[in-house]
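Visitor: following is a predicted model, sequence given first.
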Amino acid sequence: GIQVEQSPPDLILQEGANSTLRCNFSDSVNNLQWFHQNPWGQLINLFYIPSGTKQNGRLSATTVATERYSLLYISSSQTTDSGVYFCAVEQGAGNKLTFGGGTRVLVKP
Amino acid sequence: DAGVIQSPRHEVTEMGQEVTLRCKPISGHDYLFWYRQTMMRGLELLIYFNNNVPIDDSGMPEDRFSAKMPNASFSTLKIQPSEPRDSAVYFCASSGITEAFFGQGTRLTVV
């Protein structure tokens, strides 16, 4: 099956810093989503981004499907950005997602 | 819409007991998914339904696990008998033709 790798596995930031998270996938995909799992365990939708670039406040994402990677940018990080960020991809029919291992982010005040 | 609703939020049970997890998907979504999250294996798909029909159950770990979707607004995941290694967070998700949305999960502890 498809492999989804995220890097780095862990990231410690000082509040206000910027960062880039990466998601590589081993085969072509139909769709890609980014999620934030907050400290309470809830999976929050960030972006649905099969290709191109999207922005939502301090967060933005870019997917280059032909090169099989996606990037998530966090600007001016805040302590509430702490948690685990997951990339998930969907192949073929069915909308089923394969998740990467996540990037654990800790933003220190 | 209130989003995907799962119950219970937490479940503690003794080994050997039957456990039933419940899910109400977002109205109008055609797909429903059950995922499991553990430290060792991350987030993995167990089974998914399309229009209430099970499409792929290859992720169901053992025959002890079963899932049903009797109608478009309700699904259950049952474990019988439960074992300590089933302890995990179980997520239900639903989607239409685009992005999937997840419920808050059920944290299952089998002692």
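Guide: Right, received. Where do you want to start?
Visitor: report pLDDT for residue B:97.
Guide: Looking at residue B:97, its pLDDT stands at 85.
Visitor: report how many residues lie close to it.
Guide: 9 (other Cβ atoms under 10 Å in any protein chain shown). Bear in mind the C-beta positions are built from the backbone N, C-alpha and C, glycine included.
Visitor: near chain A, which residues of chain B?
Guide: Proximity of chain B to chain A (Cβ under 8 Å from any Cβ of the partner chain) is limited to residues B:31, B:33, B:42-45, B:48, B:50, B:55-56, B:89, B:91, B:93, B:95, B:97-102, B:104-105, B:107.
Visitor: and if we set it to 7 Å?
Guide: Proximity of chain B to chain A, by Cβ under 7 Å from any Cβ of the partner chain, involves residues B:31, B:33, B:42-43, B:45, B:48, B:50, B:55-56, B:89, B:91, B:95, B:98-102, B:104-105.
Visitor: I'd like the distance between residue B:23 and chain A.
Guide: Separation of residue B:23 from chain A (Cβ to the nearest Cβ, to the nearest Å): 14 Å.
Visitor: residue contacts, that residue?
Guide: B:4, B:6, B:32, B:75, B:92, B:103 (Cβ atoms under 7 Å, 6 or more residues apart in numbering or on different chains).
Visitor: next, give phi and psi for residue A:65.
Guide: phi -60, psi -40 (degrees, to the nearest 10).
Visitor: list the contacts of it.
Guide: With Cβ under 7 Å, 6+ apart, residue A:65 has these contacts: A:29, A:50-51.
Visitor: returning to that earlier point: tell me the two of the contacts of residue B:23 that are most distant?
Guide: B:6 and B:32 (11.5 Å; Cβ to Cβ).
Visitor: joint contacts of these two?
Guide: What both residue B:6 and residue B:32 touch, as defined by Cβ under 7 Å, 6+ apart, is the set B:23, B:92.
Visitor: hmm, residue B:51 is touching residue B:28, no?
Guide: No: between residue B:51 and residue B:28 there is no contact under Cβ atoms under 7 Å: 11.8 Å.
Visitor: so which residues of chain A form helices?
Guide: Read by DSSP state H, chain A holds no helices at all.
Visitor: around chain B, pick out the residues from it.
Guide: Near chain B, when you scan chain A using Cβ under 7 Å from any Cβ, you find A:33, A:41-43, A:45, A:48, A:86, A:94-97, A:99, A:101-102.
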